[in-house]
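1. Any chance you could fold what I've pasted below:
(chains A and B)
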Amino acid sequence: EADIYQTPRYLVIGTGKKITLECSQTMGHDKMYWYQQDPGMELHLIHYSYGVNSTEKGDLSSESTVSRIRTEHFPLTLESARPSHTSQYLCASSVALATSYNEQFFGPGTRLTVL
Amino acid sequence: KNQVEQSPQSLIILEGKNCTLQCNYTVSPFSNLRWYKQDTGRGPVSLTIMTFSENTKSNGRYTATLDADTKQSSLHITASQLSDSASYICVVKDRGSTLGRLYFGRGTQLTVWP
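-> Numbers count the residues shown, from 1 in each chain, chains lettered A, B, ... in the order given. Below is the predicted model:
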């Protein structure tokens, strides 16, 4: 099992609240990713990072922001949550070496519900 | 339009039976194709990976095939067990970008009944 952790696992909050989803990995991976997944739908990349102080937006537009101050930590923040943000958020990481076999290791996910 | 299409969307089989899941993709240029297993409430876990030159790869009771010419892959599960109940996701990686972008299918939801 991959050493990548997400907290909280489940979160139910009211509209307008600020939330931070935590993601940490102990594998020393440089690359980290955030995906959004709705039931029965494919994963969509919303943010990624090549390493410390590097963050980029993914393919799916998201109102969330991320930071990468430490290699092992890649938190995602929503300044003002809305019901449209209700989804599953998956964090992943991989080594930086650009080989064909680089596997992304996924955390267990955070199921967010905004009322 | 999603560049990775999976079928069937869902499948129910009895314990001990075999099944085959399908994946068609249009991603180009192609780097590799992985099958992931995602248990309910968990993150995906890689089962197999195949590159352009590989046409079959096994991992225990899981056997994946790849036809790079027709851009099709299949995942065959033999002697299914209750623990095989999960979503199986086909993921194709392109080699046209530094990031090595991944394209995800929507998954096949497999349910194994006793």
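2. Please make it C-alpha for all contacts and neighbour counts, starting now.
-> Will do.
3. Run through the residues that contact the nearest residue to residue A:77 once chain neighbours are set aside.
-> Leaving aside its chain neighbours, residue A:77 sits nearest to residue A:20 (4.3 Å; criterion: C-alpha to C-alpha, 6 or more residues apart in numbering or on different chains). Neighbouring residues of residue A:20 by C-alpha atoms under 8 Å, 6 or more residues apart in numbering or on different chains: A:75, A:76, A:77, A:78.
4. what ranges of chain B fall below the confidence cut-off?
-> Within chain B, the segments meeting pLDDT under 70 span B:1-2, B:97-100.
5. Can you name the residues of it that neighbour chain A?
-> Proximity of chain B to chain A, by C-alpha under 8 Å from any C-alpha of the partner chain, involves residues B:31-32, B:41-46, B:49, B:51, B:95, B:98, B:100, B:104-107.
6. Mind checking which of these land in helices?
-> With DSSP state H as the criterion, helices contain none of those.
7. Just the buried subset of those residues, please.
-> B:31-32, B:42-46, B:49, B:51, B:95, B:100, B:104-107 (16 or more other C-alpha atoms under 10 Å in any protein chain shown).
8. Let me see the confidence value for residue A:99.
-> pLDDT recorded at residue A:99 is 60.
9. Surely residue B:22 touches residue B:9?
-> No: the pair residue B:22 / residue B:9 is not scored as a contact, 9.8 Å apart, by C-alpha atoms under 8 Å.
10. Comparing these two, which residue is more hemmed in?
-> Counted by other C-alpha atoms under 10 Å in any protein chain shown, residue B:22 and residue B:9 do not tie: residue B:22 has more neighbours, with 19 against 16.
11. Tell me the spacing between the more buried one and residue B:11.
-> Remark: distance between residue B:22 and residue B:11 (C-alpha to C-alpha, to the nearest Å) = 12 Å.
12. Same question for residue B:45.
-> 20 Å.
13. out of the buried ones among the residues of chain B next to chain A, which are inside strands?
-> Taking DSSP state E, the ones among those that sit in strands are B:31, B:32, B:45, B:46, B:49, B:51, B:104.
14. Pick out the most distant pair among those.
-> The span of those, defined through C-alpha to C-alpha, is set by B:31 and B:45 at 19.0 Å.
15. Mind telling me what element residue 36 is part of?
-> Looking at chain A here, since you left the chain open. Counting by DSSP states H and E, the element that carries residue A:36 is strand A:31-37.
16. that's the wrong chain, I meant chain B
-> Assigned by DSSP H and E, residue B:36 falls in strand B:30-38.
17. strands paired with that strand, and their directions?
-> Counting by DSSP bridges, the strands paired with strand B:30-38 are strand B:45-51 (antiparallel), strand B:86-94 (antiparallel).
18. Most tightly packed of those strands?
-> strand B:86-94 (a mean of 25; mean count of other C-alpha atoms under 10 Å in any protein chain shown).
19. Need the CA coordinates for that one. CSV is fine.
-> What follows is strand B:86-94, C-alpha atoms only, in CSV (Å, rounded to 0.1, in the frame of the first residue of the first chain):
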residue,chain,number,x,y,z
ALA,B,86,-14.6,-2.7,-7.3
SER,B,87,-14.3,-0.1,-10.1
TYR,B,88,-11.6,-1.0,-12.7
ILE,B,89,-10.2,2.0,-14.4
CYS,B,90,-8.2,2.1,-17.7
VAL,B,91,-5.6,4.9,-17.7
VAL,B,92,-3.6,5.9,-20.7
LYS,B,93,-0.5,8.0,-20.5
ASP,B,94,0.7,10.2,-23.4
